[in-house]
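Provide a 3D model corresponding to the input given below.
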Amino acid sequence: MNEPSTIPVKIIVVGSMNVGKTSLVAKYATGKSPVKTETTKTASYIERIKNVNGMKFEIKLWDTAGQEKYKCLTKLFIKDAKIALLVYAIDNEQSFKDLDGWLEIIKNTNQDLTIFGIAANKSDLASEKTIPDEKGKEYAKKIGAEWKLTSAISEGRGIEEFIDDLFIKYHNYNFKNDDGDSGSLNSITLSNEASSRTVKKGCCGGKTTENAVNNNNNKKKKRNSKKSKK
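So this is what the prediction gives:
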């Protein structure tokens, strides 16, 4: 019996700096709260395999940089994405205001993207909340997105469940059985074929990290070769 072909599904996580995107992706990858994460300057992804009704999907969840100077790079990763997760921090009013800008970038870069999620992150900082839940829900409703409180710290604020919800919405929107049924929510199962990889790219057509290292090594070899000939 032939193995089912794998269908790639690219999910991008976007949002302003310091809203906790990298921590959410790390929580999704490991199931554990990250101790400390550094500011994302390039982009990286983790992989998961999902099986639904005999169909095999390869999920790549991309963590992107939130700083203004790296937006040119973020645009590269938005291309071909099937799902976008926009993140704001509940204690950061500006990060919520920035959602319009991120949404505009996505729609200008990838007009085929139709599945959106809004993560109201850092729910563990409830005492410092400046953005009411209703405000976030209204915004999500306005743009046709799902909304959820999330945290990489607190239990029960599962980013995994939210990603599953968005994936199911994507699946039901794009795939149906012969009888028109797209499958129930209970039909989704995660396989044990999970992996975690990191890919770093240069910005705006720049050299990749790997190429830059190789070029530096080649230059050193040439210099050493010239010295040995003298």
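
show me what the helix or strand where Tyr88 lies packs onto, helices and strands only.
Tyr88 belongs to strand 83-89 when assigned by DSSP states H and E. Packing contacts for strand 83-89, counted by 3 or more C-beta pairs under 8 Å, 6 or more residues apart in numbering; DSSP states H and E, involve strand 6-15, helix 93-97, helix 99-109, strand 115-121, helix 159-174. C-beta: built from backbone N, CA, C; applies to glycine.

which residues of the chain score low on pLDDT?
1-4, 33-43, 65-73, 155-157, 176-230 (pLDDT under 70).

give me the domain ranges for it.
Domain ranges of the chain: 6-199, 202-230, per automatic domain parsing.

just give me the neighbour total for Ser132.
One correction, residue 132 is Pro, not Ser. Neighbours of Pro132 under the rule other C-beta atoms under 10 Å: 11.

Leu99 versus that one, what's the distance?
Separation of Pro132 from Leu99 (C-beta to C-beta, to the nearest Å) stands at 15 Å.

cool, and Val25?
18 Å.

could you do Ser23 as well?
From Ser23 over to Leu99 (counting by C-beta to C-beta), the distance is 19 Å.

got it, and Lys50?
For Lys50, the distance to Leu99 - C-beta to C-beta - is 27 Å.

and what of Val87?
The gap separating Val87 from Leu99 is 9 Å, by C-beta to C-beta.

in a helix, that's where Phe77 is, yeah?
Yes. Membership of Phe77 in a helix is supported by DSSP: H, G, I helix; E, B strand; the rest coil.
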